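Novice: Predicted structure and sequence below. I'll ask about it afterward.
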Amino acid sequence: MKIIFRFRPLEYLLITLIGLLLFVSCNEDDMNTQNTKEFLATVSTDKTVANGAEVKFIDLSLGVEKRVWTFPGGTPATSDIPEVDVVFEEVGDVIATLEVEYFDGTKESIEFPITVFPELIADFTASETKIKVGETVTFTDATIGDATSWNWEFEGGTPATSTEQNPTVTFNVNKPVTIKLTVTRELDQSVASIEKVNLVQVGPPELMPNGDFEDGAIVGWQTWKGGGFPYAVEDGGANGTSKTSYFNYEASWGFAQLISRDKDPSITVAVENGKNYTISAYVKAATAGVANLGTFRLVNHLPDWSSSLPAGGTPEGYSEYYPISGSSLPVVLTTDWQLVSIVVSIPDDGQSRTNSFPDFVFGSDSNVKISVDEISIKIVE
């Protein structure tokens, strides 16, 4: 059976007109899409830090045949993709640019001014690192990167906090104290902080002469491994001090001993009977985990050294190693400064003890550089 649709002339005309309109509309949409041009680009920020966070550039333009981004001092330096992340390495004001070429051969460009700040690195120095109770220390800001505000925290200090750039603080505690500095740069809101643990040794007078090596020389110290070995001073002390002592340990030695003997009366350490003393030092190694401080103690003058004493030296006539408490030994050295601290107890037996000195014994199965700094002897009050 056939079904035949018959249209009257008017109906046929209407259907034809509707089809024609639909055809024209579809073609106009295609033509509008192909011929649309629009220039639009954006950047995530106009401020950044050299070698810091990435800055995102996005080209949202329409009708683009090709594009060229240029980033002076940036990585990458150029790009042709719509979206690109850039890290700027040069401090200063730079101008990133985008140039696009449309399907019809016309071009447009835009500039993006970017301020690249230096990396903000907090640091400071202390005028003293060994003081008596009640004395003051001035802290000097050494921050890199043009900080605009400072927030200090002083353990046991008066004041306990400060917003001055270079504050002076009094310490009325009898212990090592930790100092923290947080700095801010207002223009880009960068924040950086540093904490120096046990930076200032607060307490009774320091009894260990030449224990900080700040005069740039080895005075009153000697080494032993069956014979002496080179021992020197270099820059880069513990907790920001300028100097430290060091030696290059050789695995074949088996041990390396560092002692301060009373060869000169000016460096003699006298301890009192019946008193306790805190003996401390900072230690580290160039390679972590391969060396240790196996022995750390206070020793009295050994009798077989008596003949080498200069005029004014007083041999005690006996050897003595005093009981200790505090840090567990051995201490495995890391590449960061570690404070090793012990307390020694001096018997109340009437003996003369004017020739006392610290005794360090290091060990390692490897060749490694070992550093020792801020050696201290103080009475426990």
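Specialist: Right, received. Where do you want to start?

Novice: Quick check, pLDDT for the residue positioned nearest the centre of the chain.
Specialist: Per C-alpha atoms, centre = their mean, the C-alpha nearest to the average position across the chain is that of I194, at 7.0 Å. Here the pLDDT value assigned to I194 is 96.

Novice: Can you tell me how far it is from N151?
Specialist: Applying C-beta to C-beta, to the nearest Å, one obtains 12 Å for the distance of I194 from N151. Where C-beta positions appear, they are placed from N, C-alpha and C, glycine not excepted.

Novice: Give the partner strands of the one helix or strand the residue nearest to the centre of the chain maps to in its sheet and their orientations.
Specialist: According to DSSP states H and E, I194 maps onto strand 190-203. Next to strand 190-203 in the sheet, as set by DSSP bridges, lie strand 130-132 (parallel), strand 176-185 (antiparallel).

Novice: next helix or strand past that strand?
Specialist: strand 222-224.

Novice: Other residues contacting that following strand?
Specialist: Here strand 222-224 makes contact (C-beta atoms under 8 Å, 6 or more residues apart in numbering) with G228, F229, P230, Y231, F247, A256, Q257, L258, I259, S260, R261.

Novice: Point out where the stretch 151-300 of the chain drops to low pLDDT.
Specialist: By pLDDT under 70, the low-scoring segments of the stretch 151-300 of the chain are 262-267.

Novice: Of all the strands paired with strand 190-203, which one comes closest to G240?
Specialist: Distance to G240, taken as C-beta to C-beta, is lowest for strand 176-185 among the strands paired with strand 190-203, at 9.6 Å.

Novice: quick one, domains of the protein?
Specialist: With domains defined by automatic domain parsing, the chain comprises 41-117, 124-202, 206-379.

Novice: can I get those domains in CSV with distance to N35?
Specialist: Shown next, in CSV, are the domains of the chain (distance: least, C-beta to C-beta, whole Å):
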stretch, distance to N35
domain 41-117, 8
domain 124-202, 43
domain 206-379, 65
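
Novice: ok, now which ones touch L293?
Specialist: L293 neighbours (C-beta under 8 Å, 6+ apart): V283, L329, P330, V331, L333, V340, F360, V361, F362.

Novice: what helix or strand does it sit in?
Specialist: strand 291-300.

Novice: which residues sit in contact with Q257?
Specialist: Going by C-beta under 8 Å, 6+ apart, Q257 touches T223, W224, K225, D359, F360, V361, F362.

Novice: burial count for the third one?
Specialist: Counted with other C-beta atoms under 10 Å, the neighbours of K225 add up to 17.

Novice: With V84 instead?
Specialist: 20.

Novice: so what's the closest residue to it other than its chain neighbours bridging to?
Specialist: In this structure, V84 finds its nearest non-sequential neighbour in F57, 5.3 Å apart by C-beta to C-beta, 6 or more residues apart in numbering. Counting by DSSP bridges, F57 is bridged to V43, V84.

Novice: So the nearest residue to L199 once chain neighbours are set aside, which state does it fall into?
Specialist: Spatial nearest neighbour of L199, chain neighbours left out: N239 (4.5 Å); criterion: C-beta to C-beta, 6+ apart. With DSSP: H, G, I helix; E, B strand; the rest coil as the basis, N239 sits in helix.

Novice: Now do the buried residues in the one helix or strand I377 maps to.
Specialist: In the assignment (DSSP H and E), I377 maps to strand 368-379. For strand 368-379, burial by neighbour count (16 or more other C-beta atoms under 10 Å) applies to V368, I370, S371, V372, D373, E374, I375, S376, I377, K378.

Novice: So which residues of the stretch 1-150 of the chain form strands?
Specialist: 41-43, 47-49, 55-59, 64-70, 74-75, 78-79, 83-88, 92-102, 107-117, 124-126, 130-132, 136-141, 149-154 (DSSP state E, counting those that start in this stretch).

Novice: what's next to the fourth one, contact-wise?
Specialist: This means strand 64-70. In contact with strand 64-70 (C-beta under 8 Å, 6+ apart) are residues 57, 59, 61, 77-80, 82, 84, 96-103.

Novice: now do 6 Å
Specialist: Contacts with strand 64-70, where a contact means C-beta atoms under 6 Å, 6 or more residues apart in numbering, come from D59, T78, S79, D80, V84, T97, L98, E99, V100, E101, F103.

Novice: same question, the second one
Specialist: The set of residues that contact strand 47-49 without belonging to it, under C-beta under 6 Å, 6+ apart, is V55, F88, T115, V116, F117, E119, D188.

Novice: The fifth one contacts A192, correct?
Specialist: This means F117. No - assessed by C-beta atoms under 6 Å, F117 is found out of contact with A192, at 11.8 Å.

Novice: Pull the contacting residues for E374.
Specialist: E374 makes contact with D212, A238, Y282, according to C-beta under 6 Å, 6+ apart.

Novice: let's see 10 Å
Specialist: With contacts defined as C-beta atoms under 10 Å, 6 or more residues apart in numbering, E374 is in contact with 129-130, 176, 198-199, 201, 208, 211-214, 237-239, 241, 244-245, 280-283, 337, 339.

Novice: Same question for F154.
Specialist: 137, 139, 160-162, 167, 169-171, 177-181, 199-200.
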